[in-house]
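Asks: here's my sequence, what's the structure:
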Amino acid sequence: MAVELVSTRDMDRVTWLQERRKGIGGSDVAAIAGLSKWKSPVEVYLEKVGEAPEEEQSEAAYWGTILEDIMAREFQLMTGLKVQRRNAILQHSEYPWMIANLDRVIVDKERGRGVLECKTASEWLRSEWEGDKVPDAYMIQVQHYLAVTGYQYAYIAALIGGNKFIYKEIKRDEEVINYLIKIERDFWQLVESRTPPEMDGSEASSKLLDMLYPEAEKGAEIRLPMEAEDLIAEYEQARAEEQAAAERKEAVANKLKALLGTNEIGVVGDRKVTWKMVTSSRLDTKTLKTECPDIYAKYARESQTRRFMIS
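Replies: All right, here's what the predicted structure looks like:
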């Protein structure tokens, strides 16, 4: 089903990023579906229209690429399955906005070809891989690749914490694939019509706004559209609900503390409540500035951020 959009053999990273703008790749799908911790739909949109702020490859992504070949070789040794590179960006034959850059292709005489996706994960994320679990973002990335290629199966190989290697099989899921085709089609229509998706409340969206607009022009003022009044009302309602929830949470915590009294640990059923002594050290910057102004001035670092308020 897939056709070769462009060969990636000897392609530099800048060119590769430009080619990825021609469609929706596997690493874009989780953000579009709202399942990414690291990227928002708006960020994907800006990348596709060429308006995203330049960002260097992260250290984690760099080492993931370096370790990919090692994981692919280990997968071959452990499974006996042959894998090979596919040095191309592939394109769905019916939906040209669906593209794929596969880590490896599995060659199996009995089952035909499949996809191998290699991932590295922090030790802190080990629980996300326990048993049959695979992080949702990676699961739909693989289903996207199966949609583009027409293959029936895939494997995800993961190196967790730098010392635990696992692999899991994922079968083609037509229901998921049909859903991905729909949301990707809708998203690509936004790209083609230059209609940005709405901002959401994710950390990724907040980070993107800080990158897009890091500084404010002092004293600059504009008239906001009337829809801003509705947004302000919605914001104030959410803030009131947040404050009420915080007060309820603190009230419950205080009731539990009263039950604990001088005890550090309380047990009820299979749950445990703790209220322990914790020792911490904090720098008294106010006293340091007063008594040792030279030292304070030497090590103080001024930083600027934009503070959001409604008055």
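Asks: does Arg91 fall in a helix, a strand, or a coil region?
Replies: Actually, residue 91 is Gln rather than Arg. strand (DSSP: H, G, I helix; E, B strand; the rest coil).
Asks: list the contacts for it?
Replies: Ala2, Val3, Glu4, Leu5, Gly23, Met98, Ile99, Ala100, Val148 (C-beta atoms under 8 Å, 6 or more residues apart in numbering). Using the backbone N, CA and C atoms, a C-beta is placed for each residue, glycine as well.
Asks: can I have the buried ones of those residues as a ChimeraX selection?
Replies: Burial among the contacts of Gln91 is assessed by 16 or more other C-beta atoms under 10 Å; the matching ChimeraX selection reads:
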select :2,5,23,98,99,100,148
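Asks: how about the contacts of Gln91, which pair is most distant?
Replies: Using C-beta to C-beta, the contacts of Gln91 span at most 13.9 Å, a distance reached by Glu4 and Met98.
Asks: what ranges do the strands span in the stretch 201-311 of the chain?
Replies: 265-268, 271-274 (DSSP state E, counting those that start in this stretch).
Asks: now the last one: average pLDDT?
Replies: Averaged across strand 271-274, pLDDT comes to 91.
Asks: adjacent strands (with direction) for the longest strand along the chain?
Replies: Longest strand of the chain, by residue count under DSSP state E: strand 112-121. Pairing partners of strand 112-121, with direction, according to DSSP bridges: strand 104-108 (antiparallel), strand 153-160 (parallel).
Asks: what's whichever helix or strand comes after it packed up against?
Replies: Next along the chain after strand 112-121, taking DSSP states H and E as the criterion, comes helix 136-149. Applying 3 or more C-beta pairs under 8 Å, 6 or more residues apart in numbering; DSSP states H and E, one finds that helix 136-149 contacts helix 26-32, strand 88-92, strand 99-100, strand 112-121, strand 153-160, strand 164-171, helix 174-192.
Asks: quick one, what contacts Trp275?
Replies: Leu256, Lys257, Leu260, Asn263, Glu264.
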